[in-house]
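S.K.: Give the three-dimensional model of this entry:
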Amino acid sequence: ARPPAPVAPAPRPSPVPPGPPFRELPVTDVSLLIRDPYAVYAKRVLGLRPLPPLRPQPDAALRGQTLHAIVEALLNSRPTPDTPPEALRATFLSLTAEVLETDVPWPAARAFWSARIAAIADRIVADELARLAEGKPMVVEKRGRVALSGMDFTLTAKPDRIDLLTEGRVVVYDYKSGTPPTDAMIRHFDKQLMLEAAMARRGGFDALGPVDVAGLRYIQLGGEGRTHDREHSDQIEGETWDGFVRLIEAYLTGNAGFTAMRAPQRTSYAGDYDHLARFGEWALTDQARPQKVGDHG
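M.R.: Numbers count the residues shown, from 1 in each chain. Model prediction:
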């Protein structure tokens, strides 16, 4: 008997589904749409989601969620600029213990994350009192939305925090359990905060209405607990928004394929849908050829 013919390796996928492939996208998926469009296709067009692990672990995702819950609880305690630092620190550590006890059923992880928060508590408290002296948190984990003119598409966002300054402009904040992105990364890939600023300018958040933007800041919930300012100007924000609109238009009109791993940050990148894209049968150096899928009529 003849041996079976060898199976040709799969090409690097770049599907073009019937348009529009989606009518709404959260701002947190924009970086993914730039770096790994195929993951957005699998997630938002095919509606596929990874199964939860059979044995949950205190992984990076849970750490990020837990740290966010702690600082959100701190804001919900309604501190004021004249709150004594020692009192706010005690509240911060007490809330930390409560959240960890509720959300983290691993004693070793609780101890480690509690020590991490205690190490940065003085810095977080001092910076928080300075922030409260500048303005007031008006948007904390509240969803906003902006429709793109002339398109059947809406950008949504759930910012960690937007403060309204006493002078009338806003500062957009993001809490980071890891290292915040650099200015260069924000310009090219990690556009979340810049797009949230553009949404605020366009009245995307009910608690604010249309407002001017004073700046972007990352609050690092690790390391030294520093607050990192990032470059912002009306021009950069406008260019980011215009580029985003062009990007979305290309996908809505079928002029761009959802290429797998288009621009991964590292060659060691591993996505949730790599097996579906049959990564390994093709390499990052392989050319992607957009191909229509589904019923285009």
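S.K.: Counting by contacts, list what the biggest helix by length in the chain packs against.
M.R.: Longest helix in the chain by number of residues, with DSSP state H as the criterion: helix 107-134. Secondary-structure packing of helix 107-134 (3 or more Cβ pairs under 8 Å, 6 or more residues apart in numbering; DSSP states H and E): helix 60-76, helix 85-103, strand 161-165. No exception for glycine: its C-beta is placed from N, CA and C like everyone else's.
S.K.: can you do 10 Å?
M.R.: helix 60-76, helix 85-103, strand 161-165, strand 170-176, strand 213-220, strand 227-230 (3 or more Cβ pairs under 10 Å, 6 or more residues apart in numbering; DSSP states H and E).
S.K.: Buried residues in the second one, which are they?
M.R.: Applying a neighbour-count criterion of 16 or more other Cβ atoms under 10 Å, one finds 88-89, 91-93, 95-96, 99-100 buried in helix 85-103.
S.K.: Make TSV from these and add pLDDT and distance to E128 to it.
M.R.: Below are these laid out as TSV (pLDDT from 0 to 100; distance: Cβ to Cβ, whole Å):
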residue	pLDDT	distance to E128
L88	97	7
R89	97	10
T91	97	11
F92	97	8
L93	97	13
L95	98	12
T96	97	14
V99	97	17
L100	97	19
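S.K.: Among the residues you listed, which pair sits farthest apart?
M.R.: Maximum pairwise distance among these (Cβ to Cβ): 18.5 Å, between L88 and L100.
S.K.: my guess is E134 contacts V171, does it?
M.R.: Yes: the pair formed by E134 and V171 meets the contact definition of Cβ atoms under 10 Å, at 7.5 Å.
S.K.: okay, these two: which has more neighbours?
M.R.: More crowded of E134 and V171, by other Cβ atoms under 10 Å: V171, with 22 against 14.
S.K.: Hmm, the more buried one is touching L208, no?
M.R.: No: using Cβ under 10 Å, V171 makes no contact with L208, being 11.7 Å away.
S.K.: if I look at H188, how far off is G19?
M.R.: Distance of H188 to G19, given as Cβ to Cβ, to the nearest Å: 26 Å.
S.K.: more neighbours, the two?
M.R.: When H188 and G19 are compared on other Cβ under 10 Å, the one with more neighbours turns out to be H188, at 16 against 13.
S.K.: can you tell me which residues contact that one?
M.R.: When contacts are counted by Cβ atoms under 10 Å, 6 or more residues apart in numbering, H188 touches 31, 34-35, 181-182, 240, 243, 263.
S.K.: how about those, which pair is most distant?
M.R.: If you compare every pair in the contacts of H188 using Cβ to Cβ, the most distant one turns out to be T182 and G243, at 18.0 Å.
S.K.: which stretches of the protein have low pLDDT?
M.R.: Along the chain, segments meeting pLDDT under 70 span 1, 5-8, 297.
S.K.: Now with 90, please.
M.R.: Counting by pLDDT under 90, the chain has low-confidence residues at 1-10, 19, 52-54, 56, 60, 178, 222-223, 264-270, 294-297.
S.K.: so what's D234 up against?
M.R.: Under the criterion of Cβ under 10 Å, 6+ apart, the neighbours of D234 are 197, 201, 212-213.
S.K.: would you list those residues in TSV and tack on neighbour count and distance to D229?
M.R.: As requested, those are exported to TSV (neighbours: other Cβ atoms under 10 Å; distance: Cβ to Cβ, whole Å):
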residue	neighbour count	distance to D229
A197	28	13
R201	19	19
D212	13	17
V213	22	13
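S.K.: Please identify the one among these that lies nearest to A126.
M.R.: Comparing these against A126 with Cβ to Cβ picks out V213 as the nearest, at 24.5 Å.
S.K.: Make sure that closest one is actually in contact with W241.
M.R.: No: in this structure V213 lies outside contact range of W241 using Cβ under 10 Å: 11.5 Å.
S.K.: Need the residues touching each of the two.
M.R.: Residues touching both V213 and W241 (Cβ under 10 Å, 6+ apart): 194, 197-199, 201.
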